[in-house]
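Peer 1: here is the input, now give the coordinates:
(one chain, ligands or ions: 1)
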Amino acid sequence: MNQNKPFNEPSFRQSVDLMFNRAVALMDLPPGLEEKIRVCNATYTVRFGVRLRGQIVTLTGYRSVHSEHMEPVKGGIRYAPSVNQDEVEALAALMTYKCALVEAPFGGSKGGLCIDPRDYEEHELELITRRFAYELAKRDLIHPSQNVPAPDMGTGEREMAWIADQYNRMNTTDINGRACVTGKPLNAGGIHGRVEATGRGVQYALREFFRDKRDMEMAGMTGKLDGKKVVVQGLGNVGYHAAKFLSEEDGSKIVGVIERDGAIVNDAGIDVDGLRDWIAGHGGVEGSPFGTFVPDGASVLEHECDILIPAALEGVINLANAARIKAPLIIEAANGPVTAGADQILREKGCVIIPDMYANAGGVTVSYFEWVKNLSHIRFGRMQRRQEEARHQLVVDELERLSDHLGDAWTMTPDFKSKYLRGADELELVRSGLDDTMRIAYQSMREVWHAREDVTDLRTAAYLVSIDKVAQSYRAKGI
Ligand code: NAD
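Peer 2: Down below sits the predicted model:
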């Protein structure tokens, strides 16, 4: 993607540091603490061999721990050929700020393995994943109370199940072994709603943005999510769920989807599920019947739309294209899609950016719920659900008894009755907890954004809120 980047821009990690420095300059932290929060504590590099197709292949992986002000530390594991130490450290730093912002009680970490998963068969990926997990687990870099990975680009439920199983084989008496990793399938200790969580969080974030007129005015927008034109880059886990929920539940129109091989544009709206199935069957968007194919996919970032959702890679909006971006609102579903230089250009143009550390925090939020579920060894709602239903039944019975005396005007609609009677299951509880988290975190950024004259953008507001929380943890520890 960075072929579109002729300018000499700072690396991803430097870009995160620049944004951090901009925010911290507005704070009054004790000397030295600022540096302590900014730096990455440690990065472990591992090179390991796996026997594949009759020969030994050496692979390189990383696990970086940015901040241990709270433990365990948390952050996904990425499989991509472009994985490198700089990227993993930038992503680990973002995890620290993200967890603080949404009040998930974790420090920040991230891992990566330098492979293209599409080059391997499933059983080969299992061998590779188990070996990588072994290398990390034996150094407590996978551990329920020390370091808890999750999925990221190129990994999903399947890899998390292999990691959990590998850890449990190595720690047969650890009763909390399942909590060593999140994003697992349900039958391996996962939680309802984790797969959709990051995309769902993007939807909840946008809903909160559109609840406040002042925020819309900052972007020169009016109205609601209904009818808004959206361009999404990356129809993977995050991009697909965000696009699906926004189009199916909020009436937004997906007018562009950018993938590896190009983009599809259609101002009448793209069938998100149809295109996702097409990609699964054909390996790309080209030839699909859902709109016009544009071979230079990145150019569609500049397409006319209301909301741009980069949900693939970092650095895709950079000095080379920032001035041509037309969307008044960008929500960073991916980590680091806007470089520090592009951020400045966009801010000066009046574009509002909902920053990554907040926008994609839905994943870690539901991972937190999964971790708690694993440690408590019980599904959410199992104790309360039927009791809740029984109490609601009492109210309904009483209202029906009264309505016998008061006549037809008091009759309950069957729809209300069935909805009211049903106790919340795990998925509903997870969505409710996620919605609450996304709203509260947004409100904490909004407050700073509108209250302080020296804070002119949501990213700086997000950093101020989260750095303050991390600083408080350090102070409480006596550092
Ligand atoms: P994924 O692997 O499921 O999907 C990535 C998608 O991007 C794929 O469809 C891929 O084909 C596409 N893509 C890859 N290169 C591209 C390119 N050059 N141009 C256009 N599209 C391209 O990954 P994901 O889990 O959806 O993660 C996407 C982003 O979201 C990453 O930045 C990740 O760090 C971030 N994120 C993910 C989660 C999560 O829960 N999965 C949580 C927080 C943040």
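Peer 1: got the residues of this structure near the ligand?
Peer 2: Taking C-beta under 6 Å from any ligand atom as the criterion, the neighbours of the ligand within the chain are 1, 151-154, 198, 233-239, 258-260, 297, 311-313, 333-335, 360, 363. Where you see a C-beta, it was placed from the backbone N, CA and C, and this is true even at glycine.
Peer 1: quick one, which of these are buried?
Peer 2: Neighbour counting by 16 or more other C-beta atoms under 10 Å classes 1, 151-154, 198, 233-239, 258-259, 297, 311-313, 333-335, 360, 363 among those as buried.
Peer 1: so which of those residues sit within helices?
Peer 2: 198, 237, 238, 239, 363 (DSSP state H).
Peer 1: JSON lines for the residues you listed, including distance to residue 328 and pLDDT?
Peer 2: Converted to JSON lines, those look like this (distance: C-beta to C-beta, whole Å; pLDDT from 0 to 100):
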{"residue": "198", "distance to residue 328": "23", "pLDDT": "97"}
{"residue": "237", "distance to residue 328": "26", "pLDDT": "96"}
{"residue": "238", "distance to residue 328": "22", "pLDDT": "97"}
{"residue": "239", "distance to residue 328": "20", "pLDDT": "98"}
{"residue": "363", "distance to residue 328": "26", "pLDDT": "98"}
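Peer 1: pick out the most distant pair among the residues you listed.
Peer 2: With distances taken as C-beta to C-beta, the most widely separated pair in those is 239 and 363, at 12.9 Å.
Peer 1: which strands and helices sit next to the helix or strand hosting residue 427?
Peer 2: Residue 427 is located in helix 426-451, with elements delineated by DSSP states H and E. With contacts defined as 3 or more C-beta pairs under 8 Å, 6 or more residues apart in numbering; DSSP states H and E, helix 426-451 has these neighbours: helix 85-101, helix 197-209, helix 356-359, helix 362-376, helix 458-476.
Peer 1: how far out from the middle of the chain is that helix?
Peer 2: 14 Å (C-alpha atoms, centre = their mean, to the nearest Å).
Peer 1: residues of that helix that come out buried?
Peer 2: Of the residues in helix 426-451, those scored as buried under the neighbour-count criterion (16+ other C-beta under 10 Å) are 426, 428-431, 433-435, 437-438, 441-442, 444-446, 448-449.
Peer 1: and stretch 271-287, by the same measure?
Peer 2: Counting neighbours by 16+ other C-beta under 10 Å, one finds that the buried residues in stretch 271-287 are 271, 272, 275, 276, 278, 279, 285, 286.
Peer 1: of all those residues, which comes closest to the ligand?
Peer 2: Out of these, the one with the shortest distance to the ligand is residue 279. That distance is 7.0 Å, counting by C-beta to the nearest ligand atom.
Peer 1: which SSE is that closest one in?
Peer 2: Following DSSP H and E, one finds residue 279 within helix 272-282.
Peer 1: what's the following helix or strand after that helix?
Peer 2: strand 292-294.
Peer 1: parallel or antiparallel, list what pairs with that following strand.
Peer 2: In the sheet containing strand 292-294, the strands it pairs with under DSSP bridges are strand 262-265 (antiparallel).
Peer 1: would it be right to say that residue 342 lies in a helix?
Peer 2: Yes: applying DSSP: H, G, I helix; E, B strand; the rest coil, one finds residue 342 inside a helix.
Peer 1: contacting residues for the closest residue to the ligand within the stretch 151-300 of the chain?
Peer 2: Using C-beta to the nearest ligand atom, residue 236 is the residue of the stretch 151-300 of the chain that sits closest to the ligand, at 1.7 Å. Contact analysis of residue 236 by C-beta atoms under 8 Å, 6 or more residues apart in numbering lists 153, 311, 312.
Peer 1: count of residues packed around residue 56?
Peer 2: The criterion is other C-beta atoms under 10 Å. On that basis, residue 56 has 9 neighbouring residues.
Peer 1: let's have the chain start at 668 instead
Peer 2: In the new count, where the first residue is 668, that last one comes out as residue 723.
Peer 1: if we can go back for a sec, show me what the helix holding residue 946 is in contact with.
Peer 2: Contact partners of helix 939-949, identified using C-beta under 8 Å, 6+ apart, comprise 902, 907, 910-911, 914-915, 921, 924, 926, 931, 952, 955-957.
Peer 1: touching, residue 779 and residue 753? I think so.
Peer 2: No: the pair formed by residue 779 and residue 753 falls short of the contact definition of C-beta atoms under 8 Å, at 10.6 Å.
Peer 1: which of the two has more neighbours?
Peer 2: A side-by-side neighbour count of residue 779 and residue 753, using other C-beta under 10 Å, places residue 779 first with 29 against 15.
Peer 1: who does the helix or strand hosting that one touch, helix- and strand-wise?
Peer 2: Secondary structure assignment for residue 779, by DSSP H and E: strand 774-780. Secondary-structure packing of strand 774-780 (3+ C-beta pairs under 8 Å, 6+ apart): strand 722-734, strand 740-746, helix 752-768, helix 789-804, strand 814-818.
Peer 1: now do 7 Å
Peer 2: With contacts defined as 3 or more C-beta pairs under 7 Å, 6 or more residues apart in numbering; DSSP states H and E, the secondary structure elements packing on strand 774-780 are strand 722-734, strand 740-746, helix 752-768.
Peer 1: from the chain's centroid, how far away is that strand?
Peer 2: Distance of strand 774-780 from its chain centroid, counting by C-alpha atoms, centre = their mean, is 14 Å.
Peer 1: could you list the residues in contact with it?
Peer 2: Taking C-beta atoms under 7 Å, 6 or more residues apart in numbering as the criterion, the residues outside strand 774-780 that touch it are 726, 728-738, 740-746, 750, 754-755, 758-760, 762-763, 766, 799, 814, 816.
Peer 1: likewise for stretch 843-851?
Peer 2: 809-811, 815-818, 824, 827-828, 830-831, 834-835, 838, 856-857, 861, 1034, 1037-1038, 1041-1042.
Peer 1: give me every residue that touches residue 746.
Peer 2: Under the criterion of C-beta under 7 Å, 6+ apart, the contact list for residue 746 reads 780, 782, 784, 821, 822.
Peer 1: I misspoke; the intended subject was residue 781.
Peer 2: Residue 781 neighbours (C-beta under 7 Å, 6+ apart): 726, 727, 728, 748, 750.
Peer 1: hmm, which of the contacts of helix 939-949 are the buried ones?
Peer 2: Neighbour-count burial (16+ other C-beta under 10 Å) applied to those gives 902, 907, 910, 911, 914, 921, 924, 926, 931, 952, 955, 957.
Peer 1: now, among the residues you listed, which is nearest to residue 1059?
Peer 2: For these, the closest approach to residue 1059 (C-beta to C-beta) belongs to residue 911, at 31.0 Å.
Peer 1: pLDDT score for that closest one?
Peer 2: Looking at residue 911, its pLDDT is 98.
Peer 1: same deal with residue 1097?
Peer 2: Residue 1097 carries a pLDDT value of 98.
Peer 1: isn't it up against residue 857?
Peer 2: No: no contact is recorded between residue 1097 and residue 857 when judged using C-beta atoms under 7 Å, the distance being 11.0 Å.
Peer 1: skipping adjacent residues, who's closest to residue 928 in space?
Peer 2: Residue nearest to residue 928 in three dimensions, not counting chain neighbours: residue 951, with 3.4 Å by C-beta to C-beta, 6 or more residues apart in numbering.
Peer 1: so what's that neighbour up against?
Peer 2: Contact criterion C-beta under 7 Å, 6+ apart gives 926, 927, 928 as the residues in contact with residue 951.
Peer 1: pick out the residue nearest the middle of this protein.
Peer 2: For the chain, the residue lying nearest the average C-alpha position, counting by C-alpha atoms, centre = their mean, turns out to be residue 1027 (2.9 Å).
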